[in-house]
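Engineer: Turn this into a model:
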Amino acid sequence: MIYSQSKIFLAFFILGILSAFIFDFFRALRKTIKTNNFITYIEDLIFFIIVGVMFLKSIIIFSSGEIRFYIFIAIIFGILTYILTIGNLCAIIFKVILNFLKKFILCFIRIIKIPLKIFINISQKIRFEKIKMKNKS
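Structural biologist: Okay, the predicted model is just below:
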């Protein structure tokens, strides 16, 4: 009985750490890519869906659907442990990775724009020439 409960406590402790990790990712994403309020609400909804599904599935898997008080304590301890230990480091790593990805994507878009503009200009000239030829006929 004690072994089973300690296993459940550990599972939800880890789940608390994981949910704080996911929250930090969304927070870093929000700071890296400035979005309007609607997109922020969608990000929050995605976070709550991900974490909610994780919690519900874990409650079903680890405790046979029984919600115990120590599950909430384990989650809170997991979140606090994450915040007090590796939270700042993960936030910095997320910011660095997301800033790199942002710069990479913007550079990629700039590189793609050049041939795309050339293609659009050529296609417009061809289309304009076809229209001129039709009008002459």
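Engineer: need the helix or strand of this protein with the lowest average pLDDT.
Structural biologist: Sorting the helices and strands of the chain by mean pLDDT, DSSP states H and E puts helix 87-136 at the bottom, at a mean of 83.
Engineer: Show me what that one is packed up against.
Structural biologist: helix 2-32 (3 or more Cβ pairs under 8 Å, 6 or more residues apart in numbering; DSSP states H and E). C-beta: built from backbone N, CA, C; applies to glycine.
Engineer: tell me the phi and psi of residue 86?
Structural biologist: phi -110, psi 10 (degrees, to the nearest 10).
Engineer: whoops, residue 68 was the one
Structural biologist: phi -110, psi 150.
Engineer: With adjacent residues omitted, what lies nearest to it?
Structural biologist: Spatially, and ignoring its direct neighbours in sequence, residue 68 is nearest to residue 8 (7.5 Å; Cβ to Cβ, 6 or more residues apart in numbering).
Engineer: quick check: angle from the least confident helix or strand of the chain to helix 2-32?
Structural biologist: What separates the directions of helix 87-136 and helix 2-32 is an angle of 50 degrees, with axes from the mean of the first three to the mean of the last three Cα atoms, to 10 degrees.
Engineer: how many neighbours does the residue nearest to residue 15 when sequence neighbours are not counted have?
Structural biologist: Distances taken as Cβ to Cβ, 6+ apart place residue 58 nearest to residue 15, at 5.5 Å, with adjacent residues excluded. Residues near residue 58, counting by other Cβ atoms under 10 Å, number 18.
Engineer: OK, contacts around residue 58?
Structural biologist: By Cβ atoms under 8 Å, 6 or more residues apart in numbering, the residues touching residue 58 are 11-12, 15.
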